[in-house]
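**Student:** After the sequence you'll find the predicted model.
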Amino acid sequence: MRQRIADGTYPAGSRVPGVVALSAEFDVAVSTVHRAMAALREEGLIITWSGRGSFVAE
């Protein structure tokens with residue numbers, strides 16, 4: 001995910017796919033995606049709004 005944000009696959013302001021979709025795409029458990037998303041939030045790369053989803057930070 002970090003690489004995709006850096007290379008513009010997910011440009012600033014764009015919505016990041018949901019946890020279930022990412023889990024299937026990367027073939028990992030949903031809990032792993034949750035941990036990865038938490039790390040990206042801590043790094044300031046994504047912003048998550050309850051009920052709206054996660055977006056790449058500006």
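**Tutor:** In hand now; what should we look at?

**Student:** could you list every residue that touches the residue nearest to residue 4 when sequence neighbours are not counted?
**Tutor:** In space, and not counting its chain neighbours, residue 4 is closest to residue 10: 5.1 Å by Cβ to Cβ, 6 or more residues apart in numbering. (Glycine included, C-beta is placed from N, CA and C.) With contact taken as Cβ atoms under 8 Å, 6 or more residues apart in numbering, residue 10 is in contact with 1, 4, 16, 56.

**Student:** Make a markdown table from these and add pLDDT and secondary structure to it.
**Tutor:** Listed next are the contacts of residue 10 as a markdown table, based on pLDDT from 0 to 100; DSSP: H, G, I helix; E, B strand; the rest coil:
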| residue | pLDDT | secondary structure |
| --- | --- | --- |
| 1 | 91 | coil |
| 4 | 94 | helix |
| 16 | 95 | coil |
| 56 | 97 | strand |
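
**Student:** which among the residues you listed gets closest to residue 28?
**Tutor:** residue 1 (11.2 Å; Cβ to Cβ).

**Student:** Enumerate every residue touching the closest one.
**Tutor:** Going by Cβ under 8 Å, 6+ apart, residue 1 touches 10, 16, 22, 36, 37, 40, 45.

**Student:** quick revisit: please convert the contacts of residue 10 to JSON lines, extending it with distance to residue 49.
**Tutor:** Output for these, formatted as JSON lines (distance: Cβ to Cβ, whole Å):
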{"residue": "1", "distance to residue 49": "18"}
{"residue": "4", "distance to residue 49": "20"}
{"residue": "16", "distance to residue 49": "12"}
{"residue": "56", "distance to residue 49": "13"}
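
**Student:** Right, I'll leave it there.
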